[in-house]
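Participant: Sequence below, structure please.
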Amino acid sequence: MILSVCPNPCLDVYYYTGVLKEDDTNRVENPFLSPGGKGVNAARVVARFEESPHLVVPLGGCIGKCVKKLLEKEEVGCIIVEVENETRVNTILEQKDKGKHILIAARGAELKREEIKKLHYAVCKDLEPDYLILGGSVPPGLPDTFYAAIIKNYKGTKTRILVDADGEILRKAVAEAPFAIKPNKHELERLVGRPLYSIDDIVEASKEIVEKGVEAVIVSLGEFGVICATKERVLRVIPPKVEVANTVGAGDALVGGFIFALHRGEELEEALRFGVACGTATVMEEGVKLCKPERVKELFHSVIITEL
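Facilitator: Numbers count the residues shown, from 1 in each chain. Presented below is the predicted three-dimensional model:
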């Protein structure tokens, strides 16, 4: 079983316009609505390949009900922790004439002590996932040790945990040596505390994290692909050139595809190839629609992997 956890889910509201005008009315097309959050998006991608992911997610209020309905429509199996406060909304404004977008991301409402206990219980009790994805930020009230505590709970079990997060919550998770982490370049820089100017710098920083006990450090570099460092080898995964419509959710799709392929029994190299194909297929979609399985299959054999 694949289990994905998203402590700070949202409703993504995606608007399209030409160019935003300040101090004036901007007429836009009707928005595209989508459930959002790193762990949510990873589970959505897994569900597209006929796997049965389980998503643990706190939801509250009218927005929470909307997110639940959208997840049900995509056949993502959910373990919902009901919370009192309203689930957050993220707004994405796509300016077609500029080829740029603006993301307005809410922090999220504070979780109460009892809600935190219920969330931790839902993740750590009565479930024995083969793979566990811990994805995204945490809302106010949730300690930055939350992921670390979950990793510690699963020590000595068969569960392999991937963390896709940033800042102190990632740093504390790394200290507990999860199976894998998936930072982008900026997140890796914050993790090691210095700028990374080249591929060699990224490889060196990744190896430092491997030395701390993380089996695989997967660094996403957008159009330049992925660097994956393990104790035995360093791989560079290069995606095919495609027309980019939007980059929102590409890293989440990479995580979902990678974990799905590992769960299916693929070795690391092929799982990376599949994950990068999922991320590449996602950037070809407008808004936050994520990858189409048929497009992933088309791109899969065009992904190039070299050993550094």
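Participant: Would you mind measuring from the closest residue to residue 47 other than its chain neighbours to residue 63?
Facilitator: Nearest residue to residue 47 in three dimensions, chain neighbours excluded: residue 76, at 4.8 Å (C-beta to C-beta, 6 or more residues apart in numbering). Where you see a C-beta, it was placed from the backbone N, CA and C, and this is true even at glycine. Computed as C-beta to C-beta, to the nearest Å, the residue 76 to residue 63 distance reads 17 Å.
Participant: Settle it for me: which of the two has more neighbours?
Facilitator: Taking other C-beta atoms under 10 Å, residue 76 and residue 63 do not tie; residue 76 has more neighbours (23 against 19).
Participant: give me phi/psi at that one?
Facilitator: Main-chain dihedrals, residue 76, degrees, to the nearest 10: phi -90, psi 120.
Participant: Stretch 292-307 - what's its average pLDDT?
Facilitator: Here stretch 292-307 scores 96 as its mean pLDDT.
Participant: So what touches it?
Facilitator: Stretch 292-307 has contacts (C-beta atoms under 8 Å, 6 or more residues apart in numbering) with 48-49, 233-240, 242, 257, 269, 272-274, 276-278, 280-281, 284-285.
Participant: Out of these, which end up buried?
Facilitator: By neighbour count, with 16 or more other C-beta atoms under 10 Å, the contacts of stretch 292-307 hold 48-49, 234-239, 257, 272-274, 276-278, 280-281, 284-285 as buried.
Participant: Assign a three-state SS to residue 260, would you?
Facilitator: Under DSSP: H, G, I helix; E, B strand; the rest coil, residue 260 falls in the helix class.
Participant: now it, nearest residue through space, not along the chain?
Facilitator: Of all residues not flanking residue 260 in the chain, residue 46 sits nearest, at 4.8 Å (C-beta to C-beta, 6+ apart).
Participant: give me the element that neighbour is part of.
Facilitator: Element membership for residue 46, per DSSP states H and E: helix 38-47.
Participant: And that helix, what does it pack against?
Facilitator: Counting contacts by 3 or more C-beta pairs under 8 Å, 6 or more residues apart in numbering; DSSP states H and E, helix 38-47 is packed against strand 2-5, strand 54-59, helix 61-73, strand 131-135, strand 160-164, helix 250-263.
Participant: Who are the packing partners of the fourth one?
Facilitator: When contacts are defined as 3+ C-beta pairs under 8 Å, 6+ apart, strand 131-135 sits against strand 2-5, helix 38-47, helix 146-153, strand 160-164, helix 250-263.
Participant: centre of the chain versus the helix-or-strand element of the chain with minimal mean pLDDT, how much separation?
Facilitator: For the chain, counting by mean pLDDT, DSSP states H and E, strand 100-105 ranks last in confidence among helices and strands (a mean of 84). Taking C-alpha atoms, centre = their mean, to the nearest Å, one finds the center of strand 100-105 at 17 Å from the center of the full chain.
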